[in-house]
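Chemist: below are the sequence and a predicted model; questions follow.
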Amino acid sequence: MLMDDLDEPDIPVLPDWIHALEERAETPVTRAGGIELQWRIWGEGRPVVLLHGGHGSWQHWVRNIEPLSEHFRVMAVDLPAFGDSDSYETDDLHDYAGLVAEGLDTLAPGAPVRGAGFSFGSVIGSLMLKQVRAGVESWALLGSPILGGRTEVGARLRKWRGMPIPEHRAAAHAHNVGELMLTGPDSVTDEATAIQMAHAEKARGMFRGLFSKLDVPAELAGYEGELTVIYGDRDAIAGDHLDERRETIATLRPDAEFHVIPGAGHWVQYMAPDRVNDILLRRFGA
């Protein structure tokens with residue numbers, strides 16, 4: 001793709017309401033294995049942890065934090081090598097998940113946790129379930145990439161690293177958020193592009209290649225807490241394989257809830273926040 005083939009929009013910026021949301025957060029830092037993790041916390045009550053997707057940050061949850069924090073102590077972390085947390089290299093994602101579990105043990109000692117993971121975060125959270133000392137009572141996977149077949153979207157994405165012209169990078173991010181996270185060009189907004197830019201350009205971790213070493217279905221089968229799975233029916237990765245994924249969950253955990261949200265893409269909690277928030281609030285016991 002030549003640079004001249006890219007549109008050159010104004011560079012989107014994060015809206016004031018997201019800055020205000022961040023300013024209202026507590027911002028503790030936990031340290032485990034020599035790695036500092038940056039957390040943002042809102043509200044009071046029983047702890048709910050939110051784990052973002054790949055190349056993301058806490059901002060993957062901007063449309064969910066306030067409704068959840070009216071009932072819970074919402075704890076959103078920047079995962080290792082993403083956002084404002086330290087860089088980290090590993091060939092074992094169980095160790096990676098252990099860093100997050102240790103952070104929870106520090107911030108919510110003795111308190112059973114509820115939580116949700118989006119995409120990459122759904123994988124890390126599933127590996128974390130047995131590592132949190134006080135236990136995880138209810139766990140939700142949103143847009144999980146590894147519960148069945150997947151559609152590869154990498155060839156449709158535009159490379160933005162190394163582009164010296166900011167407008168070209170913004171155009172590439174806008175294209176990518178439409179192709180991967182939302183439901184195509186017509187769904188792209190300046191806000192979604194600004195969020196994508198804000199955390200993608202801080203991302204230092206490339207861990208998807210480690211997925212082949214994992215058996216997440218076995219982790220879920222052995223998990224004794226409440227399980228919820230949520231997808232958008234237009235998920236770019238999983239949307240063509242939802243029947244297989246539903247069957248996988250039904251076999252592993254017949255007691256689990258499996259939801260498909262019409263019209264939503266991979267970033268389901270952003271595109272359909274009211275529906276997703278209602279599900280999470282009910283499942284977490286609000």
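Modeler: Good, I have the coordinates. The structure displayed is predicted, hence computed values, not measured ones.

Chemist: neighbours of Ala171, how many?
Modeler: Residues near Ala171, counting by other C-beta atoms under 10 Å, number 22. Backbone N, C-alpha and C define where each C-beta goes, glycine included.

Chemist: which elements pack onto the helix or strand hosting it?
Modeler: Using DSSP states H and E, Ala171 sits within helix 166-176. Contacts defined by 3 or more C-beta pairs under 8 Å, 6 or more residues apart in numbering; DSSP states H and E place helix 166-176 against helix 190-200.

Chemist: and the contacts of the helix it packs on?
Modeler: 9, 11-15, 18, 52, 55-57, 59-60, 62, 82-83, 160, 169-170, 173-174, 176-177, 181-182, 267, 270 (C-beta atoms under 8 Å, 6 or more residues apart in numbering).

Chemist: ditto for stretch 220-230
Modeler: Applying C-beta under 8 Å, 6+ apart, the set of residues contacting stretch 220-230 from outside is 116, 126, 129-130, 135-144, 147, 245, 249, 252-253, 255-261, 268-269, 276, 279-280, 283.

Chemist: circling back: residues of the helix holding Ala171 that come out buried?
Modeler: His168, Arg169, Ala170, Ala171, Ala172, His173, Ala174, His175, Asn176 (16 or more other C-beta atoms under 10 Å).

Chemist: need those in a markdown table with distance to Ala192, can you?
Modeler: Compiled in a markdown table, the buried residues of helix 166-176 are given as follows (distance: C-beta to C-beta, whole Å):
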| residue | distance to Ala192 |
| --- | --- |
| His168 | 18 |
| Arg169 | 15 |
| Ala170 | 12 |
| Ala171 | 14 |
| Ala172 | 14 |
| His173 | 9 |
| Ala174 | 8 |
| His175 | 12 |
| Asn176 | 11 |
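
Chemist: before we move on, back to that, among the contacts of stretch 220-230, which ones are buried?
Modeler: Judged by neighbour count, with buriedness set by 16+ other C-beta under 10 Å, the buried members of the contacts of stretch 220-230 are 116, 126, 129, 136-144, 147, 245, 249, 252-253, 256, 258-261, 268-269, 276, 279-280, 283.

Chemist: filter those down to just the ones in strands.
Modeler: Residues of the buried ones among the contacts of stretch 220-230 located in strands (DSSP state E): Ala116, Val136, Glu137, Ser138, Trp139, Ala140, Leu141, Leu142, Phe258, His259, Val260, Ile261.

Chemist: same list (the residues you listed) but as CSV, adding pLDDT and distance to Gly239.
Modeler: Rendered in CSV, the data for these read as follows (pLDDT from 0 to 100; distance: C-beta to C-beta, whole Å):
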residue, pLDDT, distance to Gly239
Ala116, 98, 20
Val136, 97, 28
Glu137, 97, 30
Ser138, 98, 25
Trp139, 98, 22
Ala140, 98, 19
Leu141, 98, 15
Leu142, 98, 14
Phe258, 98, 14
His259, 98, 14
Val260, 98, 9
Ile261, 98, 11
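
Chemist: nearest to Gly98, of these?
Modeler: Closest approach between these and Gly98, by C-beta to C-beta: Val136, at 13.7 Å.

Chemist: tell me who's in contact with the closest one.
Modeler: Val136 sits in contact with Pro112, Val113, Arg114, Gly115, Met128, Leu129, Tyr223, Gly225, where contact means C-beta under 8 Å, 6+ apart.

Chemist: distance of the third one relative to Ala194?
Modeler: According to C-beta to C-beta, to the nearest Å, Arg114 stands 29 Å off from Ala194.

Chemist: now do the SS call for Val132.
Modeler: On the three-state scheme (DSSP: H, G, I helix; E, B strand; the rest coil), Val132 is labelled coil.

Chemist: grab the nearest non-local neighbour of it.
Modeler: Once flanking residues are discounted, Val132 sits nearest to Ala101: 4.8 Å by C-beta to C-beta, 6 or more residues apart in numbering.

Chemist: show me the contacts for that neighbour.
Modeler: Met128, Gln131, Val132, Arg133.

Chemist: give me the buried subset of these.
Modeler: Among those, those classed as buried by 16+ other C-beta under 10 Å are Met128, Gln131, Val132.

Chemist: just the closest of those to Asp95, please.
Modeler: The closest of the buried ones among the contacts of Ala101 to Asp95 turns out to be Gln131 (C-beta to C-beta; 9.9 Å).

Chemist: the closest one contacts Ala97, doesn't it?
Modeler: Yes: taking C-beta atoms under 8 Å as the contact criterion, Gln131 and Ala97 are neighbours in contact, 6.2 Å apart.
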